[in-house]
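*Asks:* let's see this in three dimensions:
(chains A and B, ligands or ions: 1)
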Amino acid sequence: MVNLQKRVEGWPHVRGRYLSSSEERPASLQPFEGTHRAAEEVSKKRLVIKPPTAEREYLAAACGSRLSSICLTTGEVASTWTANGETGETSGKEKLADTGEDADGPPAKKQKTAASSATGAPNIIKLTSSSDGRHAVAVTDDKNVRVFEVHDDGKLVELTQRAMPKRPCAIQVLPDNSTILCGDKFGDVYGLPLLPELQPEAQERATIESPAMTPSNETKASFKPSATTQTVHTKRNLKSLESQMKQKNLTPKTKQPLAFEHKLLLGHVSMLTDLTYASCHVDGKERGYIITADRDEHIRLSRAPPQSHIIEGYCLGHTQFVSKILAIPSTNLLVSGGGDEWIGVWDWPSSTLRWKVESFGDSFRQAQGDSLAPPIAVSGIWLVPADLDGNVEGVVIVACEKMSVLAYCPVSELRDCAPGRQPRWSFERFDHTILEVVATGSMVVVSFDARAQDQQRLKAYELRITRDEQNVHSVTSRAAKHTQALLDKANGTTSETVSDKALDDMFYGIAKLCKRPRDEAAVEEAEEEAADAAD
Amino acid sequence: MDWSQHYPAFATQTDSGPEQNGSATATAASKTVTADVTIADIGCGYGGLLFALAPKHPSTLLLGLEIRSSVTTFVHEKILALRSQPPTLSDHNYTNISVLRANTMKFLPNLFSAGQLHKIFLCFPDPHFKARKHKARIVSPTLCSEYAYVLAPGGKVYTITDVEDLHLWMVEHLSGHASFARVGLEEVEGDECVGVMRRETEEGKKVERNGGRKFVAVFRRLEDPPWP
Ligand SMILES: C[S@@+](CC[C@H](N)C(=O)[O-])C[C@H]1O[C@@H](n2cnc3c(N)ncnc32)[C@H](O)[C@@H]1O
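*Replies:* Numbering: from 1, shown residues only, chains lettered A, B, ... in the order given. Next comes the predicted model:
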């Protein structure tokens, strides 16, 4: 049986009516304003939303610090919202401090912070929506999680903004449409109510965390040193105590407890890279999970709240960072990718690696026509609709950093492929490096790193699955002309100039997650040092 | 993990055929151990606890985990030396203990499967005094979930420290975690592992010499609740 809820959750737009028989011609198309055009490319965050009672689908596009929604039927800009640096709690000065604190993060992130300080307004770095299409959630690089109400006419109205202790790096709204999962790169995953209670009592309850786990130190009183030279005996510990005592002023920068309800759900010590909600059925009952991935090769399965303190298993096998995971709704399949030359296809509830899709990197480089391209770094895994003999079928798409190739595989192939066989993937080369893929009702919009003037940065395609006489499938794309006409108006507008280096820093941070062999010794040393420096 | 390298005396060969010469992978794949590691000493340092527990649990496999490679090398060499002693000198041959260099805060689930361990020891962990470094502590709300994952229900986490604040911290987070309950005083005092932890760890001996206090707490891994 198809679970409608899950269908909608994992793939919200298949039911969209865009380009259905009642197709409308665009009446008037409002092109983006030239001034924030480049910024839009910079944050490359896009999303298609359709409020439940609305007639139309909207493409939400983050434009640096601006968030616009564009009607996909008319091409009109339905609303534009701008993050205001001043209304946030962070001043430029504090941002610098953040950069220091995030010092071990990929350099790209720091660049983003710098970029946002320059204009004064924070950039949007993550964008998602609730599965019912009523709310959009954006993360800005001032660590704020911002929730928007999506009106039927596509207008986006900011309802709340909440500053997290660390910069969020992965975000999702649970299928209950009332909880935001928010992971930061320090590895912690928090649960926040989508809409915080605004009554004053909520403030008092704000710091109550998961009853299953004690509060993290964020919310606790500062530490008073209770060790004395009498009780500390290792050289290491003694040194640390001494240095602590030398700092006469022992009042640590007391962290303000977060003034909104948040629960620490789970955490990795390693850098978190991606998270997703997934569910499976056992004895006719649905079980919800949070699946998290990290820089140290792990894919972890935890129960969904309220039992997220229970780890159910790990999908282990990657030998490099895992950067992206995709749980395919209505199946038990999880597709994972990162710094390995292969893609993993897992039966996740049993932690079984069904396929290592071998030579994936080679196929990418071959399709790219560049056999000397560096090892792949998976930058995106998406589920999109494709046409199969007039029916809508799911296709998994994989993109790798700095490559202009997309890899496709129908969900049916992953589901039905016999264990002894390798699932067949199709590879297609495009003219420019791929940044992001968004699924609309029946097609995909691909955003490219097409920097020169008058190049198409957004292109719309329809995917088609065909089978030859041997029943071997392949997936191909063809331009979706009507949608392209809408997008071209936006494509055609002029850009503000941003340096190539700035763009590179914004777009490409994933390969930096790789710990190269020569760094390994350094990493180990650093870990030992960390253990040694017991202060 | 090929544990037969660590515990050759417990290595078995499957019936899959004779050992193939020159094929390291075939050898590694065909070898396995007759028992799983069930006792882990996290941050084992120079291994005092391991060496003391080994003769008391002759048929159990114990593993020390330590992040400093110089220290694991020392422990490894000491184990090999003890194993090669003529049997007359010692009634125990230390074939049931081994040591591994690992950052347990990141790689515990890579080493042990769900519910594999019966006992985890956290002896005199580094205190990481500064509040800013609390996330570096070996006990945290989220790490407790990982300890619970590798521990079998009914298994125990043993903690000992001379730093009272760290003791309170560990008690707070382990008792506060829904997968653990603190073990009562009587049961703790009756547990011979607790005595070994107090007396035989290198740190325990130092604290003893200096007349310091030792704070002990033990926690039991509870059964997971049914799915909601
Ligand atoms: C104070 S010593 C205690 C040694 C021993 N347990 C004893 O009681 O004598 C703490 C040990 O934990 C080790 N350690 C610290 N962090 C670690 C980690 N993440 N993984 C493994 N070992 C760690 C340190 O290297 C150090 O040897």
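*Asks:* okay, CA-based contacts and neighbour counts for the rest of this
*Replies:* Will do.
*Asks:* name the helices or strands packed onto the longest strand belonging to chain B?
*Replies:* Longest strand in chain B by number of residues (criterion: DSSP state E): strand B:151-161. On a contact count with 3 or more CA pairs under 8 Å, 6 or more residues apart in numbering or on different chains; DSSP states H and E, strand B:151-161 meets strand B:117-123, helix B:164-175, helix B:192-200, strand B:215-221.
*Asks:* the last one - which strands sit beside it in the sheet, and in what orientation?
*Replies:* Same thing as strand B:215-221. In the sheet, strand B:215-221 lines up against strand B:151-161 (antiparallel), strand B:180-182 (antiparallel) (DSSP bridges).
*Asks:* avg pLDDT for it?
*Replies:* On average, the pLDDT along strand B:215-221 is 98.
*Asks:* again with the second one
*Replies:* Helix B:164-175 shows an average pLDDT of 97 in the prediction.
*Asks:* residue A:367 and residue A:405 touch, don't they?
*Replies:* Yes - using CA atoms under 8 Å, residue A:367 makes contact with residue A:405 at a distance of 6.7 Å.
*Asks:* tell me which of those two has more neighbours.
*Replies:* More crowded of residue A:367 and residue A:405, by other CA atoms under 10 Å in any protein chain shown: residue A:405, with 25 against 20.
*Asks:* list the contacts for the more buried one?
*Replies:* For residue A:405, the contacting residues are A:364, A:367, A:368, A:399, A:427, A:428, A:429, A:430, A:433, A:434, by CA atoms under 8 Å, 6 or more residues apart in numbering or on different chains.
*Asks:* what's the ChimeraX line that selects buried ones from those residues?
*Replies:* Buried residues among the contacts of residue A:405 (16 or more other CA atoms under 10 Å in any protein chain shown), as a ChimeraX selection:
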select /A:364,367,368,399,427,429,433,434
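*Asks:* for the nearest residue to residue B:214 once chain neighbours are set aside, grab the count of nearby residues.
*Replies:* Excluding the flanking residues, the one nearest residue B:214 by CA to CA, 6 or more residues apart in numbering or on different chains is residue B:162, at 4.6 Å. Other residues lying near residue B:162 total 24 when counted by other CA under 10 Å.
*Asks:* residue A:265 - how many residues pack around it?
*Replies:* Residues near residue A:265, counting by other CA under 10 Å: 29.
*Asks:* wasn't it part of a strand?
*Replies:* Yes - per DSSP: H, G, I helix; E, B strand; the rest coil, residue A:265 lies within a strand segment.
*Asks:* can I get stretch A:438-449 in PDB, CA atoms only?
*Replies:* Output of stretch A:438-449 as PDB, limited to C-alpha atoms (Å, rounded to 0.1, in the frame of the first residue of the first chain):
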ATOM      1  CA  VAL A 438      14.700  20.900  -7.700                       C
ATOM      2  CA  ALA A 439      11.600  18.800  -8.500                       C
ATOM      3  CA  THR A 440       8.500  20.600  -9.700                       C
ATOM      4  CA  GLY A 441       5.200  18.900 -10.600                       C
ATOM      5  CA  SER A 442       6.500  16.800 -13.500                       C
ATOM      6  CA  MET A 443       9.900  18.100 -14.200                       C
ATOM      7  CA  VAL A 444      13.200  19.100 -12.700                       C
ATOM      8  CA  VAL A 445      14.800  22.500 -12.500                       C
ATOM      9  CA  VAL A 446      18.600  22.300 -12.500                       C
ATOM     10  CA  SER A 447      20.700  25.300 -11.400                       C
ATOM     11  CA  PHE A 448      24.100  25.600 -13.000                       C
ATOM     12  CA  ASP A 449      27.300  27.400 -12.200                       C
END
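*Asks:* okay, the helices and strands packed on strand B:151-161 in a markdown table with distance to residue B:132 next?
*Replies:* Shown next, in a markdown table, are the helices and strands packed on strand B:151-161 (distance: least, CA to CA, whole Å):
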| stretch | distance to residue B:132 |
| --- | --- |
| strand B:117-123 | 21 |
| helix B:164-175 | 14 |
| helix B:192-200 | 29 |
| strand B:215-221 | 24 |
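*Asks:* so which of those is nearest the ligand?
*Replies:* Nearest of these to the ligand, taken as CA to the nearest ligand atom: strand B:117-123 at 4.3 Å.
*Asks:* and the closest one, which strands flank it?
*Replies:* Counting by DSSP bridges, strand B:117-123 is paired with strand B:37-42 (parallel), strand B:151-161 (parallel).
*Asks:* how about it: buried residues?
*Replies:* B:117, B:118, B:119, B:120, B:121, B:122, B:123.
*Asks:* find the nearest non-adjacent residue to residue A:484, please.
*Replies:* In space, residue A:484 comes closest to residue A:460 once its chain neighbours are excluded; the distance is 5.5 Å by CA to CA, 6+ apart.
*Asks:* angles on the backbone of the residue nearest to residue B:60 when sequence neighbours are not counted, please.
*Replies:* Leaving aside its sequence neighbours, residue B:60 sits nearest to residue B:96 (CA to CA, 6+ apart; 6.4 Å). When read as degrees, to the nearest 10, the backbone of residue B:96 gives phi -100, psi 10.
*Asks:* okay, now residue B:96: neighbour count?
*Replies:* Look at residue B:96: counted by other CA under 10 Å, it has 27 neighbours.
*Asks:* that one touches residue B:64, doesn't it?
*Replies:* No - if you go by CA under 8 Å, residue B:96 and residue B:64 don't touch, sitting 11.2 Å apart.
*Asks:* thinking again about what came up before, which SS state does the residue nearest to residue A:484 fall under?
*Replies:* Here residue A:460 is strand, with the state taken from three-state DSSP.
*Asks:* quickly note the distance from residue A:170 to residue A:66.
*Replies:* Distance, residue A:170 to residue A:66, by CA to CA, to the nearest Å: 20 Å.
*Asks:* got the contact list for the longest strand of chain B?
*Replies:* B:114-125, B:167, B:170, B:194, B:197-198, B:214-224.
*Asks:* so for that strand, what's the average pLDDT?
*Replies:* 98.
*Asks:* do the same with stretch B:64-84
*Replies:* 96.
*Asks:* residues near residue A:374, how many?
*Replies:* 11.
*Asks:* assign it to helix, strand or coil.
*Replies:* coil.
*Asks:* give me the pLDDT value at it.
*Replies:* Listed pLDDT for residue A:374 reads 93.
*Asks:* that one and chain B, how far apart?
*Replies:* Distance of residue A:374 to chain B, computed by CA to the nearest CA, to the nearest Å: 27 Å.
*Asks:* what's near enough to touch the residue nearest to residue A:484?
*Replies:* A:443, A:444, A:445, A:446, A:479, A:480, A:481, A:483, A:484, A:487.
*Asks:* just put those in CSV and tack on pLDDT, secondary structure and distance to residue B:153.
*Replies:* Shown next, in CSV, are the contacts of residue A:460 (pLDDT from 0 to 100; DSSP: H, G, I helix; E, B strand; the rest coil; distance: CA to CA, whole Å):
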residue, pLDDT, secondary structure, distance to residue B:153
A:443, 85, coil, 50
A:444, 91, strand, 48
A:445, 89, strand, 50
A:446, 91, strand, 49
A:479, 94, strand, 57
A:480, 92, coil, 57
A:481, 90, helix, 60
A:483, 85, helix, 57
A:484, 87, helix, 58
A:487, 76, helix, 58
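*Asks:* mark which of the residues you listed are buried, thanks.
*Replies:* Going by neighbour count (16+ other CA under 10 Å), the contacts of residue A:460 have A:443, A:444, A:445, A:446, A:480, A:483, A:484, A:487 buried.
*Asks:* from what I see, the first one and residue A:459 are in contact.
*Replies:* It stands for residue A:443. No - between residue A:443 and residue A:459 there is no contact under CA under 8 Å: 10.4 Å.
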